[in-house]
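Chemist: the following comprises the amino acid sequence and a computationally predicted model.
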Amino acid sequence: MVPASRIGRRAGGRVRHAVRIAAILMLGFATCFLAGFGWFSGHVSRLSTPADPQAADAIIVLTGGQARLDAAMGLLASGKGERLLISGVHPAASRKQLQIAMGGDSALFDCCVDIDRAALDTIGNAEESAKWVEEHGYGSIIIVTNNYHMPRSLLEMGRLLRDARLEPYPVVNSKLDDGRWLVKPQALRVLFTEYNKYLVALVRSVLPLRLQHGGLSLADASLKE
């Protein structure tokens, strides 16, 4: 018969071994996570707005700031795309209010701008954008959003727009390419939050996907509100 004390020592040894393995795995995970965050932040901070982007069939801008809207309207006015989708517009915002806020030629806005009010987040932006692209048969799209939001936006868009060429047009509000994000709490918080969302999107991008085709929740471009 094996003494109880020896059994207890064996059990204790197995527990200590399991704890050590768990600690090593946690340390490895934390190291990978922080290294990934460093890469992500460095990549985002080096993104810059193209001076003369390649023309595409159409332009999609994800709402979230005036600078994004102004940039998208400028691209449309310069002929970089034949049509513009503004995705994620608040349901209470009318076409007229949006046109005034964005400025530019009202005739161009009336003829060539579509509005998506259904999307509530980046996933919704991708779903509504995919419907719009499929409806018009576009093969190349300029994606307009902030630099920190661009990696996740391209992931979500790429899941659904596999046959379209996506051209990123990052809007840069604050230059952080010299590492200043490390000493700016607000920038650090935004980057860390976006990095976590990016990881979730990365996991989602490799999972089976079924796009639910429904009605396109866009305001008719000819509608005057």
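Modeler: Noted; the coordinates are in hand.

Chemist: buried set for stretch 121-138?
Modeler: Within stretch 121-138, the residues that count as buried by 16 or more other Cβ atoms under 10 Å are 122-134, 138. All C-beta atoms are positioned from the backbone trio N, CA, C, and that covers glycine.

Chemist: want to throw those into JSON lines with secondary structure and pLDDT?
Modeler: JSON lines is the format used below for the buried residues of stretch 121-138 (DSSP: H, G, I helix; E, B strand; the rest coil; pLDDT from 0 to 100):
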{"residue": "T122", "secondary structure": "helix", "pLDDT": "94"}
{"residue": "I123", "secondary structure": "helix", "pLDDT": "94"}
{"residue": "G124", "secondary structure": "helix", "pLDDT": "94"}
{"residue": "N125", "secondary structure": "helix", "pLDDT": "96"}
{"residue": "A126", "secondary structure": "helix", "pLDDT": "95"}
{"residue": "E127", "secondary structure": "helix", "pLDDT": "95"}
{"residue": "E128", "secondary structure": "helix", "pLDDT": "96"}
{"residue": "S129", "secondary structure": "helix", "pLDDT": "96"}
{"residue": "A130", "secondary structure": "helix", "pLDDT": "95"}
{"residue": "K131", "secondary structure": "helix", "pLDDT": "95"}
{"residue": "W132", "secondary structure": "helix", "pLDDT": "97"}
{"residue": "V133", "secondary structure": "helix", "pLDDT": "96"}
{"residue": "E134", "secondary structure": "helix", "pLDDT": "94"}
{"residue": "Y138", "secondary structure": "coil", "pLDDT": "96"}
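
Chemist: where is the longest helix in the protein?
Modeler: helix 4-46 (DSSP state H).

Chemist: quick one: name whatever helix or strand follows that helix.
Modeler: strand 58-62 (DSSP states H and E).

Chemist: circling back: just put the buried residues of stretch 121-138 in a markdown table and tack on distance to P50.
Modeler: Formatted as a markdown table, the buried residues of stretch 121-138 follow (distance: Cβ to Cβ, whole Å):
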| residue | distance to P50 |
| --- | --- |
| T122 | 21 |
| I123 | 26 |
| G124 | 26 |
| N125 | 21 |
| A126 | 22 |
| E127 | 26 |
| E128 | 25 |
| S129 | 20 |
| A130 | 24 |
| K131 | 27 |
| W132 | 23 |
| V133 | 21 |
| E134 | 26 |
| Y138 | 19 |
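
Chemist: which strand or helix spans the residue nearest to F40 when sequence neighbours are not counted?
Modeler: In space, F40 comes closest to Y195 once its chain neighbours are excluded; the distance is 4.8 Å by Cβ to Cβ, 6 or more residues apart in numbering. Following DSSP H and E, one finds Y195 within helix 185-205.
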